[in-house]
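Enquirer: Show me the folded form of this:
(3 chains)
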Amino acid sequence: MSINAETLWETISKLKQQAPLVHNITNFVVMNSSANALLALGASPVMAHAEEEVEDMVKISGALVINIGTLSQPWIRSMKKAMQAAKDLNKPIILDPVGAGATPLRTNTVHELLETASPTVIRGNASEIQALVSEDIKTKGVDSTATSDSAIDAAKALNQKYASAVCVSGAIDHIVNGEDYIRVENGVEELTKITGMGCTATAFIGAFAALNVPPHHAAAYGMATLGIAAEIAMANSCGPGTLQTHILDVLYSLNEQQIKDHLKTCS
Amino acid sequence: MSINAETLWETISKLKQQAPLVHNITNFVVMNSSANALLALGASPVMAHAEEEVEDMVKISGALVINIGTLSQPWIRSMKKAMQAAKDLNKPIILDPVGAGATPLRTNTVHELLETASPTVIRGNASEIQALVSEDIKTKGVDSTATSDSAIDAAKALNQKYASAVCVSGAIDHIVNGEDYIRVENGVEELTKITGMGCTATAFIGAFAALNVPPHHAAAYGMATLGIAAEIAMANSCGPGTLQTHILDVLYSLNEQQIKDHLKTCS
Amino acid sequence: MSINAETLWETISKLKQQAPLVHNITNFVVMNSSANALLALGASPVMAHAEEEVEDMVKISGALVINIGTLSQPWIRSMKKAMQAAKDLNKPIILDPVGAGATPLRTNTVHELLETASPTVIRGNASEIQALVSEDIKTKGVDSTATSDSAIDAAKALNQKYASAVCVSGAIDHIVNGEDYIRVENGVEELTKITGMGCTATAFIGAFAALNVPPHHAAAYGMATLGIAAEIAMANSCGPGTLQTHILDVLYSLNEQQIKDHLKTCS
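Expert: Numbering: from 1, shown residues only, chains lettered A, B, ... in the order given. As a prediction, the model looks like this:
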């Protein structure tokens, strides 16, 4: 079974109706922008990182999104606790290994998190995904040093080891999950000039995963929805500033025709 | 004495002239957006949360705004210290119990803060306010599960116990303070699709409270000003993205006629 | 040698080509907006504050930007560690003493940071710069209580003590470095109504410093580029909301003619 414009639109409609609670333990840079994007999409975002409350928050949430963009020890402890709780309660976990490959702290932390609980979906750029498999890959801060194509093998290796659907994002997004493969080609280049758009895509995957669609479908829906919104918004934008603003408008009023006109995916 | 367009405009003008320093100990999600909204309104925002400096910052500020949206223990300690300092110096304290009722940490922390010092104003959505009075109420993350009308009794109970003016915000805002009651009906539905607009309203109440108007007036002014700005901005917006941007523009250039044309309140 | 439109444009072009990695240990309020501004300008921003990774991140970065806007002890420790690493590796350090003069914690921390390593450039408003030299100066939160002219002597004293180029920003920006002096007159008043624009200017100085231009040139380029972008963006804006959005668009598509038409500097 593959995804198509009809199933994507049905799922977006369901999302807007149910407004699933998405629990984010994410980085300081994107908290505001991810929350706004989730709201515009139709989800109900909450950010909570205290060790004393993450288990309680996971309990009432539809999905847990873990993003290591601005790590420190107390946050790492909370991430582990939240992931363990999500695992125990069988709730979807989405992991964004921001900057894996840039510093040992980031790479090592991701390995520790992966040992704590297998994520439902892992989404990263090519360097980040490759750095989780090979020590030779160096990420330039949070920016990839490779194209997404180059990381497909690493994605397959990660998928085999942790049974997580893995999404390598870039100009083209590659999603692997066992025998399944989905390719998403939506988006515009200017997205790379807005901070945290990858993080937002990860949060969207969490929102879709909360609806209990298959993991690789959730990943494809998240990537495609953000990419489509960016394409529509770009027609009306002059650069990364207006683009970011208009993406929120487009997400809020997205309709079936737009999905049909824009979705570019194959599997 | 009730509020009206004239007193509101006079107070806004005074705010823009005096630019009171508003000390926020607030959550990571809204720090940027609240600071921008306070600046556009005419106040001088400062964010400071270190235990070592909150007392010094309270000393030079016109009001203290406490918002528990992304709690952790060091922040809780600083909030208490700051509230104690504000109490000792007789400075207005505004409390936003974000997500009270969602987790025990949040609900319990609010109770501890309320024991530390009675806030001048408490502003929350219906679930949050009810959760402070009854353990049966569950908040969906930071989103209310009830209409603001349903929380008026809880607001009255809180007001009686702590002598704080209490504002239950929603499509209609209800403000109670002893015998006084003010109802504000400004705003647009799209505000709920922008993260932290409740937090911004709370910050605005802080800015007005810094001018030493009666607590329930400060609450009504804060809610009405944000609601009016949203109504004016919405005429020119296509969704939550452009709305948030335009609200800042409108706040910056707000004039008396706009207040007269839009204010919808009764008491 | 002075700066002019040609050298500025050459340097901006180089920046857009090389996309230097700029490591920011900055405050919670501006993380998102500074990252977006650096991306629009053409740099590659990363935010990382954990004691365990700051040295590793400095190692791969072109410049280190330290901003004390929302201090606490763990962050102070990381700032020192990162500055020491940058000093050892001979990488440019840019220091923004946000709110120095508002509380002893801020003023004292800046003195400690200055003892750890001499910054390449210090950028602050008039109160902040004066507070580092005289205890009599009080900053109103993060807002200056003086004009930039009044702080030139303090800037010279700081420059002599630490050999840092010092930039006092305001309606006019004054940059001193030994015998060198540059004055930048770009910008619009509405910039003061957007939070963190000073912090963004500091981050820009970091991006230019990563290209190894002389410290006072990096400072002038940073201030002028943001000021010019604001002037161009303002023509198309209705207030601080649209201005902030449009500045990002303008930065992204900046061209030589715009620099030539707008640069206002003398030395």
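
Enquirer: And the helices in chain A?
Expert: All helices of chain A, identified by DSSP state H, fall at A:5-18, A:31-41, A:54-60, A:73-88, A:104-116, A:126-131, A:152-162, A:197-209, A:215-234, A:240-253, A:256-262.

Enquirer: Any chance of these in CSV with mean pLDDT as columns?
Expert: Formatted as CSV, the helices of chain A follow (pLDDT from 0 to 100):
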stretch, mean pLDDT
helix A:5-18, 98
helix A:31-41, 98
helix A:54-60, 98
helix A:73-88, 98
helix A:104-116, 98
helix A:126-131, 96
helix A:152-162, 97
helix A:197-209, 98
helix A:215-234, 98
helix A:240-253, 98
helix A:256-262, 98
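
Enquirer: Deepest in the core, which of those helices is it.
Expert: helix A:197-209 (a mean of 30; mean count of other Cβ atoms under 10 Å in any protein chain shown). All C-beta spots, glycine's among them, are computed from the backbone N, C-alpha and C.

Enquirer: Now do it: which elements does it pack against?
Expert: Applying 3 or more Cβ pairs under 8 Å, 6 or more residues apart in numbering or on different chains; DSSP states H and E, we find helix A:197-209 packed against helix A:5-18, strand A:21-25, helix A:31-41, strand A:63-67, strand A:93-96, strand A:121-125, strand A:165-169, helix A:215-234.

Enquirer: give me that answer again for 7 Å
Expert: Counting contacts by 3 or more Cβ pairs under 7 Å, 6 or more residues apart in numbering or on different chains; DSSP states H and E, helix A:197-209 packs against helix A:5-18, strand A:21-25, helix A:31-41, strand A:63-67, strand A:93-96, strand A:121-125, helix A:215-234.

Enquirer: Residues of the stretch 1-150 of chain A that sit close to chain B?
Expert: Counting by Cβ under 7 Å from any Cβ of the partner chain, the stretch 1-150 of chain A comes close to chain B at A:21, A:28, A:31-32, A:35-36, A:39-40, A:44, A:46-50, A:52-53, A:56-57, A:60, A:74.

Enquirer: I'd say A:I93 and A:P119 touch.
Expert: Yes - under the criterion of Cβ atoms under 7 Å, A:I93 is in contact with A:P119, at a separation of 4.6 Å.

Enquirer: Looking at the two, which one has more neighbours?
Expert: Between A:I93 and A:P119, counted using other Cβ atoms under 10 Å in any protein chain shown, A:P119 has the larger neighbour count: 30 against 27.

Enquirer: Spatially central residue in chain A, please.
Expert: Computing the C-alpha centroid of chain A and ranking residues by Cα atoms, centre = their mean puts A:T202 first, at 1.2 Å.

Enquirer: So in terms of bridging, what pairs with the closest residue to that residue other than its chain neighbours?
Expert: Leaving aside its sequence neighbours, A:T202 sits nearest to A:D96 (Cβ to Cβ, 6 or more residues apart in numbering or on different chains; 4.0 Å). Beta-bridge partners for A:D96, by DSSP bridges, are A:N67.

Enquirer: what's the neighbour count on A:D96?
Expert: By other Cβ under 10 Å, 33 other residues sit near A:D96.

Enquirer: Quick check: it touching A:N125?
Expert: No - A:D96 is beyond contact range of A:N125, at 9.9 Å (criterion: Cβ under 7 Å).

Enquirer: ok, residues contacting stretch A:91-100?
Expert: Applying Cβ atoms under 7 Å, 6 or more residues apart in numbering or on different chains, the external contacts of stretch A:91-100 come out as A:27, A:58, A:61, A:63-69, A:83, A:86, A:106-107, A:110, A:113, A:117, A:119-124, A:128, A:131-132, A:139, A:141-142, A:199, A:202, A:205-206, A:209-210, C:46.

Enquirer: Also stretch A:67-86?
Expert: A:25-30, A:49-51, A:54-55, A:58, A:64, A:66, A:93, A:96-99, A:105-106, A:109-110, A:113, A:116-117, A:142, A:199, A:202, B:72, C:47-50, C:74.

Enquirer: Next: stretch A:248-258.
Expert: A:9, A:12, A:36-37, A:40-41, A:228-229, A:232-233, B:193, B:238-242.

Enquirer: could you redo the last one with a cut-off of 6 Å?
Expert: With contact meaning Cβ atoms under 6 Å, 6 or more residues apart in numbering or on different chains, stretch A:248-258 is reached by A:W9, A:N36, A:A40, A:L41, A:A229, A:I232, A:A233, B:C238, B:G239, B:P240, B:G241, B:T242.

Enquirer: now for stretch A:69-76, what's the gap between its first and last residues?
Expert: Stretch A:69-76 has an end-to-end distance of 11 Å (Cα to Cα, to the nearest Å).

Enquirer: That one: how far from the chain's middle?
Expert: For stretch A:69-76, the distance from its own C-alpha centre to the chain's C-alpha centre is 18 Å (Cα atoms, centre = their mean, to the nearest Å).

Enquirer: can you pull the contacts of A:A43?
Expert: By Cβ under 6 Å, 6+ apart, the contact set of A:A43 is A:P20, A:V22, A:A207.

Enquirer: swap the cut-off to 8 Å and go again
Expert: Taking Cβ atoms under 8 Å, 6 or more residues apart in numbering or on different chains as the criterion, A:A43 is in contact with A:L15, A:A19, A:P20, A:L21, A:V22, A:A207, A:A210.

Enquirer: do the same with A:I228
Expert: A:N186, A:L254, A:Q258, A:I259, A:H262, A:L263.

Enquirer: Report the two members of those separated by the largest distance.
Expert: A:N186 and A:L254 (12.7 Å; Cβ to Cβ).

Enquirer: ok, back up a step: want to throw the contacts of stretch A:248-258 into TSV with distance to A:T147?
Expert: Output for the contacts of stretch A:248-258, formatted as TSV (distance: Cβ to Cβ, whole Å):
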residue	distance to A:T147
A:W9	30
A:N36	29
A:A40	29
A:L41	28
A:A229	23
A:I232	25
A:A233	24
B:C238	34
B:G239	33
B:P240	33
B:G241	30
B:T242	34
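
Enquirer: hang on, the earlier thing: pull up the overlap in contacts between A:I93 and A:P119.
Expert: Counting by Cβ under 8 Å, 6+ apart, the shared contacts of A:I93 and A:P119 are A:I66, A:M83.

Enquirer: How about A:N27, nearest residue that isn't a chain neighbour?
Expert: Nearest residue to A:N27 in three dimensions, chain neighbours excluded: A:G69, at 2.7 Å (Cβ to Cβ, 6+ apart).

Enquirer: I meant to write A:A48 there.
Expert: Spatial nearest neighbour of A:A48, chain neighbours left out: A:M57 (4.5 Å); criterion: Cβ to Cβ, 6+ apart.

Enquirer: again with A:A203
Expert: In space, and not counting its chain neighbours, A:A203 is closest to A:S34: 4.6 Å by Cβ to Cβ, 6+ apart.

Enquirer: Do I have it right that that neighbour meets A:T26?
Expert: Yes - at 6.1 Å, A:S34 counts as touching A:T26 under the criterion of Cβ atoms under 8 Å.

Enquirer: Touching both of the two, which residues are there?
Expert: A:C199, A:A203.

Enquirer: one step back: angles on the backbone of the residue nearest to A:N27, please.
Expert: The phi and psi values for A:G69, taken as degrees, to the nearest 10, are phi -60, psi -40.

Enquirer: and if you look at A:E52?
Expert: Taking degrees, to the nearest 10, you get phi -70, psi -10 for the backbone angles of A:E52.

Enquirer: how near is it to chain C?
Expert: 18 Å (Cβ to the nearest Cβ, to the nearest Å).

Enquirer: quick one: contacts for that residue?
Expert: Counting by Cβ under 8 Å, 6+ apart, A:E52 touches B:Q73, B:L105.
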